[in-house]
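Novice: show me how the following folds:
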Amino acid sequence: MAGDLVRHDPDVLVEDPEHGYGAVRTISGRVSVAKQYRPAAPGLPFSTVALTRLDEALTLSSRATGIGFSVYLGDLGADTRARAEELHAAIGTHSTDSVLIAVSPGQRRVEIVTGTESARRLTDRGCNLAVMSMVASFKEGDLVGGLVSALRMLADQAGHAPKH
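Specialist: Residues are numbered from 1 along each chain as shown. Model (predicted):
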């Protein structure tokens, strides 16, 4: 009704019985709906399948060799080698029998740190080959594939766990 005066109490929330809160039928009959903006949650860097592949490679490599393999993915700071060695030392009492593969995609750096006992079974040459394999996969955009390949190469080089 043109010219009608409509009074509205701002403290009272009026719900459209047909469409709910935040909806109103305009004079033309169109329904206008206000919706709350919800930003999309950031996606995870790996799919569940990729994480499963990586977990399986870590588990199998560690079981077969008796060496504790770990992967760190993230920024390594200005001195990448020193930071990787700090992370390896943080493993604790098992760090002597451990290997850390530290990858910083943003810095395009890869570091492999071996403990004193695991270094006896993994040569520098073998570690360098694993790094080259990872870099080749990383260039193709296959981060998990590169890590899995490196774990397999290092496990093959280390051989089976010594029997005591």
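Novice: let's see the pLDDT reported for Ala41.
Specialist: Per-residue pLDDT puts Ala41 at 67.
Novice: could you do Pro162 as well?
Specialist: For Pro162, pLDDT reads 74.
Novice: show me the strands in the chain, by range?
Specialist: 23-25, 31-33, 68-73, 98-104, 109-114 (DSSP state E).
Novice: who does the first one pair up with?
Specialist: What it means is strand 23-25. Here strand 23-25 has these sheet partners by DSSP bridges: strand 31-33 (antiparallel).
Novice: the fourth one now?
Specialist: When pairs are called by DSSP bridges, strand 98-104 turns out to pair with strand 68-73 (parallel), strand 109-114 (antiparallel).
Novice: what about the helices in this structure?
Specialist: Assigned by DSSP state H, the chain shows helices spanning 48-65, 80-89, 116-119, 124-139, 143-158.
Novice: for the shortest one, which helices and strands make contact with it?
Specialist: Read it as helix 116-119. Using 3 or more Cβ pairs under 8 Å, 6 or more residues apart in numbering; DSSP states H and E, no helix or strand is in contact with helix 116-119. In short, each C-beta sits where N, CA and C put it, glycine included.
Novice: may I see the buried residues of it?
Specialist: Ser118 (16 or more other Cβ atoms under 10 Å).
Novice: same question, the longest one
Specialist: Within helix 48-65, the residues that qualify as buried by neighbour count (16+ other Cβ under 10 Å) are Ala50, Arg53, Leu54, Ala57, Leu58, Ser61, Ser62, Thr65.
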